[in-house]
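S.K.: Sequence unavailable; structure follows:
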């Protein structure tokens, strides 16, 4: 493949595989050492090390340009879509928000963005990107990926490859911190903020918070990790064990807070009184349900968005409908819903509208008929969505076996981190299963951008 206009992801991926083969004796020894080095960091999910591999997903300039455009445009789309809840009374029922949740969502956070931090989970193959979920409540992964990426790029055996293709870090955590500080500035914060990283005491992603604490403090911001039940509100200020909080990075999920409102009253009161700047705001819950994709992919709502926003939505979000109001399918053709779900089984995915960790996600083409029918029955009784199935890409990763390098095939998804409307890097989750999630034992590797395009790279 000649020319200098670009190098495909497949070629850069192939280049790394060829490099590994050419340096097999060194890399066979390096892989277990790399895994051991990573095991000494905060790259853990609970007590367990997150599986990883001696590789990255290599992105071309063209792909990065697309990712930046999609991140920026869809951030605007999400903030518009969430405003509809407040500004268009007839739209509120599409969000299916309980009265208790609505009360929290109505609280004004003190700054303009309803969604500050997001993670778009998608399937990336070359120039094709399909976003199957938008995580806008409490997205994780930035700190995990920065750790894996930093160690991978510092590996001696792959230094020649890193240098030749000018691979560089994405600064995901710095992007997150910048977004927090921008929200705090708009909020009216004038002091250097003390930051609280807030989630339940025994949450399995706590190692990531520990990394964030060290990073934020290295940038000059005093930081504490706090369980929301430990926060105390007095004299118009919120404290964690005597530590005054100005800026609260909320990692605890909205629905979990809702279940324990009586235990987190001080935090909510401080938020309501604007004694703290909380990011993400509680109203980001409006964008965190998969049912929002039903609005974004339904042409009847296109008039709320710009021509460019509609183009990006159509190009990158697969057709999705909430089952509760799914009467019109594919070109407004009326069809009996159960028949549609059964007849189109191999082209559909069913998933709970507010599920996390891949729970309940059922892929039609991989499910026996009787199990699919049982899922339909369950879905029709709850708040579920049906989504067009998108093929899951596969990549190879090097695995040492008997002092040789073998290639293992993994299904993967691509996760785009967006901070204050800007692309701040991505990461890849890999698995042998089609529902790919770290909570279900999936692995994680960074995505890396190549700053240069080779003059020529063989097919």
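M.R.: Yep, that arrived. Note that the structure is predicted; figures quoted are calculated from it, not measured. Numbers count the residues shown, from 1 in each chain.
S.K.: Stretch 424-435: which residues count as buried?
M.R.: Residues of stretch 424-435 classed as buried: 424, 425, 426, 427, 428, 429, 430, 431, 434, 435 (neighbour count, 16 or more other C-beta atoms under 10 Å). Yep, even glycine has a C-beta here, placed from its N, CA and C like the rest.
S.K.: what's the farthest-apart pair in the residues you listed?
M.R.: Using C-beta to C-beta, the buried residues of stretch 424-435 reach their maximum pairwise distance at 424 and 434, which is 27.3 Å.
S.K.: if we can go back for a sec, out of the buried residues of stretch 424-435, flag the one nearest to residue 399.
M.R.: Lowest distance from residue 399 to those (C-beta to C-beta) belongs to residue 430, with 11.9 Å.
S.K.: Report the secondary structure state of the closest one.
M.R.: Recorded secondary structure, residue 430: strand (DSSP: H, G, I helix; E, B strand; the rest coil).
S.K.: Identify the residues contacting residue 23.
M.R.: residue 157 (C-beta atoms under 8 Å, 6 or more residues apart in numbering).
S.K.: hang on, residue 190 is in a helix, isn't it?
M.R.: No. Judged by three-state DSSP, residue 190 forms no part of a helix; its state is coil.
S.K.: element containing the residue nearest to the spatial centre of the chain, please.
M.R.: Geometric centre of the chain, nearest residue: residue 119, 2.8 Å, by C-alpha atoms, centre = their mean. According to DSSP states H and E, residue 119 maps onto strand 117-125.
S.K.: Please name the strands paired to that strand in the sheet, noting orientation.
M.R.: When pairing is defined by DSSP bridges, strand 117-125 lines up against strand 128-135 (antiparallel), strand 404-419 (antiparallel).
S.K.: Among these, which comes closest to residue 161?
M.R.: Set against residue 161 and scored by C-beta to C-beta, the strands paired with strand 117-125 come closest in strand 404-419, at 14.3 Å.
S.K.: Go through the closest one and flag the buried ones.
M.R.: Across strand 404-419, burial judged by 16+ other C-beta under 10 Å covers 405, 410, 411, 412, 413, 414, 415, 416, 417, 418, 419.
S.K.: now, which of those residues sits nearest residue 450?
M.R.: Nearest member of the buried residues of strand 404-419 to residue 450, counting by C-beta to C-beta, is residue 414, at 15.9 Å.
S.K.: What's opposite the closest residue to that closest one other than its chain neighbours in the beta bridge?
M.R.: Nearest residue to residue 414, sequence neighbours excluded (C-beta to C-beta, 6 or more residues apart in numbering): residue 124, at 4.0 Å. According to DSSP bridges, the residues that bridge with residue 124 are residue 129.
S.K.: Repeat that for the one 10 residues further on.
M.R.: Beta bridges link residue 134 to residue 120 when assigned by DSSP bridges.
S.K.: Looks like it contacts residue 81 (just checking).
M.R.: No. In this structure residue 134 lies outside contact range of residue 81 using C-beta atoms under 8 Å: 9.9 Å.
S.K.: Overlap of the contact sets of those two?
M.R.: Common contacts of residue 134 and residue 81, defined by C-beta under 8 Å, 6+ apart, comprise 287, 292.
S.K.: if we can go back for a sec, pretty sure the residue nearest to the centre of the chain contacts residue 138?
M.R.: No. Applying C-beta under 8 Å, one finds residue 119 not in contact with residue 138, separated by 9.6 Å.
S.K.: Just the helices from the stretch 351-459 of the chain, written as ranges.
M.R.: Remark: helices assigned in the stretch 351-459 of the chain by DSSP state H, counting those that start in this stretch are 369-380.
S.K.: Any stretches of it with poor pLDDT?
M.R.: 355-358, 434-442, 452-459 (pLDDT under 70).
S.K.: And this structure, what are its domain boundaries?
M.R.: Following automatic domain parsing, one gets these domains for the chain: 9-288+394-450, 319-388.
S.K.: Tell me which of these is the most buried.
M.R.: domain 9-288+394-450 (a mean of 19; mean count of other C-beta atoms under 10 Å).
S.K.: how close does the residue lying closest to residue 450 once chain neighbours are set aside sit to residue 13?
M.R.: Of all residues not flanking residue 450 in the chain, residue 165 sits nearest, at 4.5 Å (C-beta to C-beta, 6+ apart). According to C-beta to C-beta, to the nearest Å, residue 165 and residue 13 sit 11 Å apart.
S.K.: and if you look at residue 404?
M.R.: According to C-beta to C-beta, residue 404 stands 20 Å off from residue 13.
S.K.: between the helix or strand harbouring residue 144 and strand 117-125, how big is the angle?
M.R.: Using DSSP H and E, residue 144 sits in helix 142-153. For helix 142-153 against strand 117-125, the angle by axes from the mean of the first three to the mean of the last three C-alpha atoms, to 10 degrees is 50 degrees.
S.K.: Give the rounded mean pLDDT of helix 142-153.
M.R.: Here helix 142-153 scores 95 as its mean pLDDT.
S.K.: Show me what that helix is packed up against.
M.R.: Helix 142-153 sits against helix 24-39, helix 172-187, helix 206-218, strand 422-431, strand 443-450, with contacts defined as 3 or more C-beta pairs under 8 Å, 6 or more residues apart in numbering; DSSP states H and E.
S.K.: Need those in CSV (columns: distance to residue 233).
M.R.: Formatted as CSV, the helices and strands packed on helix 142-153 follow (distance: least, C-beta to C-beta, whole Å):
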stretch, distance to residue 233
helix 24-39, 39
helix 172-187, 17
helix 206-218, 22
strand 422-431, 32
strand 443-450, 37
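S.K.: Out of the domains of the chain, flag the one nearest residue 304.
M.R.: domain 9-288+394-450 (6.2 Å).
S.K.: start to end distance for stretch 278-291?
M.R.: Stretch 278-291 has an end-to-end distance of 24 Å (criterion: C-alpha to C-alpha, to the nearest Å).
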